[in-house]
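S.K.: Everything below, folded, please.
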Amino acid sequence: MRITDRRKLIGLYLDETWRRTRQAVASAVSPLVGIGGFRVNRVVVAPTDLRAVDPFVAEEILQGRYPLAGRVLDAGQDSPFSVELPSRQFAVRLHGFSWLRHIRADKTAMACDNARWIVDQWISIHGNRTTGIAWDAEVVSRRIISWLSHSPVVLQEADAGFYRRFIGSLSHQVRYLQRRVDFLPEGLPRLLARIALAMASVSTEARSSIVRRTGRQLDRELERQILPDGTHVSRNPQACVDLLFDLLPLRQTYINLGHDLPQKLIPVIDRIYPAVRFFRHSGGDLALFNGASSTLATDLMSVLRYDETAGQPFKALPHGGYHRLSGGGTVLLVDTGKPHSLRLSSTAHAGCLSFELSSGRNRFIINSGLPRFAGEKLRQLARTTAAHSTVSIGDVSSARMTQSDYLGPILTGGPTVIDIDRQSGPDGSDRLSARHDGYGKRFGLLHEREIRINQPGTKIAGRDRLLQSDGQPIPDLPPAEAIARFHLHPSIVLEQVDPRKVRLVAPDGESWDFSIPVGELTIEEDVFFADVSGIRPSRQLEIRFAGPEIRWFLAHHA
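M.R.: Reported below is the predicted structural model:
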């Protein structure tokens, strides 16, 4: 490990120890002196949940079966909180209560009574505890938002006793979160907590001073985490969509109740929308970079219908570190960035200079994406360079994952300098050239990728080069074999035209020819992590090269 990386890790350990110490002190002192949070007396409005509902899930829950996080728990007549849960992801979903939205598809008295019983079971079993998954800050934030949003379901025909227990538990959770929010790690959990507290203040008739204070605190967090180009600091495209699901209802709740909106709320929403459009492929799917998984089309459309910014997608997101090349109905999205900090790299992927290609309604070349509900080993495997459509050297990732129970799986030793050159040709073509030094310390090499697309979007020319650390061509063979991988969407069928050409055929018959002028083009087995139904088998194209560069071409096959 480099000395600079070691120093950064030591600094991160010290920062994390200090954060945890302050959190522990605040948690111990706040209840004694009565600070942190505000008391919830009643719910006056239910923010709208924009996510899609599934009548099948509603019926299953009514029957005592819980289909969550890719698993099904059959609790029968027992409380789901009194039995062993099948996975951590399942527990997070169950305790977060976002599944309550499905009950809207069957708002019968029986369904609402069953939802109320489940909530009451949680209050009885977990309401007075503050440990375990149920009290992780991110889970508490999601539960507060879910209970507020779906209070009409839970409170329908509720008796006075349950109402008092519900309001008392909600108030306890709000105060618990308020005491801890300042000490949460950087990133989405802290922002989600600020959203939950702002939503609680405006939905429960809190004092005007509290509404203003939670709004100002949300403003500060939004400015810290939403970059000027609309991307989130995690560089995860899906994070932008997930935030809109919570920010849009919050905005509308402020407006409906006549409160002054936080100053940054509307400008931030207006910044996020162009970033979401940037990451959309030609068929409407979201790109799979840095922790993104497949997003349901119904979910994506439910937030895009509120897009008032309009306009064509940007050609680049310079703060997020992405470029978009397009022509005709063809779209190329390229990752040209790096984690914004060592701490924020805990969810980042080692996919620098990876790209995705779509044409018409079809995705052809993709990254493997993050599995939605798989175990930790597969989630970390999905972060490696080999799971991305880019070049790895010696089958080593361009950044290393440090497995630390204390800090989490952060990335170290990755790219520090990324040089980018973007040009438009006189014929309307678009060219992107970028290089990174992620392999500099280990192999003394730079990886440079050049991609050019013609104006109609029917021809793409690519080149991958290995350079010396000073940018000069390597005089001899590199110290390790390089592998260029091109992961293909599972729906794509491959036809081997000749040893150096493969035809990629989409379900609707559209096809592209992938070819190389020299070398060997092989078809290998692959897995697609990010499918909504779970991990699926797929295929990938591989080009192994020991020389300084390879060239590859894609041509639309009429």
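S.K.: Alpha carbons only: can I get the helix or strand hosting Leu170 in CSV?
M.R.: Assigned by DSSP states H and E, Leu170 falls within helix 160-180. Provided in CSV are the C-alpha atoms of helix 160-180 (Å, rounded to 0.1, in the frame of the first residue of the first chain):
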residue,chain,number,x,y,z
ALA,A,160,-57.5,5.5,20.6
GLY,A,161,-55.1,3.1,22.3
PHE,A,162,-53.3,2.1,19.1
TYR,A,163,-53.2,5.8,17.9
ARG,A,164,-51.4,6.7,21.2
ARG,A,165,-48.9,3.9,20.7
PHE,A,166,-48.3,4.8,17.1
ILE,A,167,-47.8,8.5,17.8
GLY,A,168,-45.6,7.7,20.8
SER,A,169,-43.4,5.3,18.9
LEU,A,170,-43.1,7.8,15.9
SER,A,171,-42.1,10.5,18.3
HIS,A,172,-39.5,8.3,20.0
GLN,A,173,-38.0,7.4,16.6
VAL,A,174,-37.9,11.1,15.5
ARG,A,175,-36.1,12.1,18.7
TYR,A,176,-33.7,9.1,18.3
LEU,A,177,-32.8,10.1,14.8
GLN,A,178,-32.4,13.8,15.6
ARG,A,179,-29.9,12.9,18.3
ARG,A,180,-27.8,10.9,15.9
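S.K.: and that helix, average pLDDT?
M.R.: Taken as a whole, helix 160-180 has an average pLDDT of 94.
S.K.: what's the answer for stretch 416-431, then?
M.R.: For stretch 416-431, the mean per-residue pLDDT is 92.
S.K.: so what's Gly328 up against?
M.R.: Going by CB atoms under 8 Å, 6 or more residues apart in numbering, Gly328 touches Gln455, Pro456, Gly457, Thr458. Heads up, the C-betas are built off the backbone N, CA and C, glycines and all.
S.K.: Out of those, flag the one nearest to Ser209.
M.R.: Gly457 (55.4 Å; CB to CB).
S.K.: quick one: the closest one and His556 touch, right?
M.R.: Yes: using CB atoms under 8 Å, Gly457 makes contact with His556 at a distance of 7.5 Å.
S.K.: Helices of the stretch 201-350 of the chain, residue ranges please.
M.R.: Counting by DSSP state H, counting those that start in this stretch, the segments of the stretch 201-350 of the chain that form helices are 208-225, 237-256, 265-278, 297-304.
S.K.: And the shortest one, what does it pack against?
M.R.: Counting contacts by 3 or more CB pairs under 8 Å, 6 or more residues apart in numbering; DSSP states H and E, the secondary-structure elements packed against helix 297-304 are helix 237-256, helix 265-278.
S.K.: Would you mind giving those as CSV with mean pLDDT, distance to Glu186 and mean neighbour count added?
M.R.: Below are the helices and strands packed on helix 297-304 laid out as CSV (pLDDT from 0 to 100; distance: least, CB to CB, whole Å; neighbours: other CB atoms under 10 Å):
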stretch, mean pLDDT, distance to Glu186, mean neighbour count
helix 237-256, 95, 13, 21
helix 265-278, 95, 17, 20
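S.K.: Grab the nearest non-local neighbour of Trp99.
M.R.: Spatial nearest neighbour of Trp99, chain neighbours left out: Leu68 (6.2 Å); criterion: CB to CB, 6 or more residues apart in numbering.
S.K.: typed the wrong thing, it's Asp74
M.R.: Once flanking residues are discounted, Asp74 sits nearest to Arg65: 5.0 Å by CB to CB, 6+ apart.
S.K.: wait, isn't Phe486 in contact with Ser389?
M.R.: Yes: in this structure Phe486 lies within contact range of Ser389 using CB under 8 Å: 5.1 Å.
S.K.: Now for those two: what residues contact both?
M.R.: Listed contacts common to Phe486 and Ser389 are Ile365; contacts here mean CB under 8 Å, 6+ apart.
S.K.: ok, back up a step: which residues do Gly457 and His556 both contact?
M.R.: Thr330, Ser359.
S.K.: so where's this structure shaky on pLDDT?
M.R.: 1-6, 8-9, 12-13, 16, 18, 20, 23-37, 404-407, 558 (pLDDT under 70).
S.K.: Contact partners for the residue nearest to Trp99?
M.R.: Phe90, Arg93, Leu94, Trp99.
S.K.: now do 6 Å
M.R.: Applying CB atoms under 6 Å, 6 or more residues apart in numbering, we find Leu68 in contact with Phe90, Arg93, Leu94.
S.K.: residues making contact with whichever helix or strand the last one is part of?
M.R.: In this case it means Leu94. Assigned by DSSP H and E, Leu94 belongs to helix 88-96. With contacts defined as CB under 6 Å, 6+ apart, helix 88-96 is touched by Leu68, Ala69, Arg71, Leu85, Ile133, Ala134, Val139, Arg142, Arg143, Phe373.
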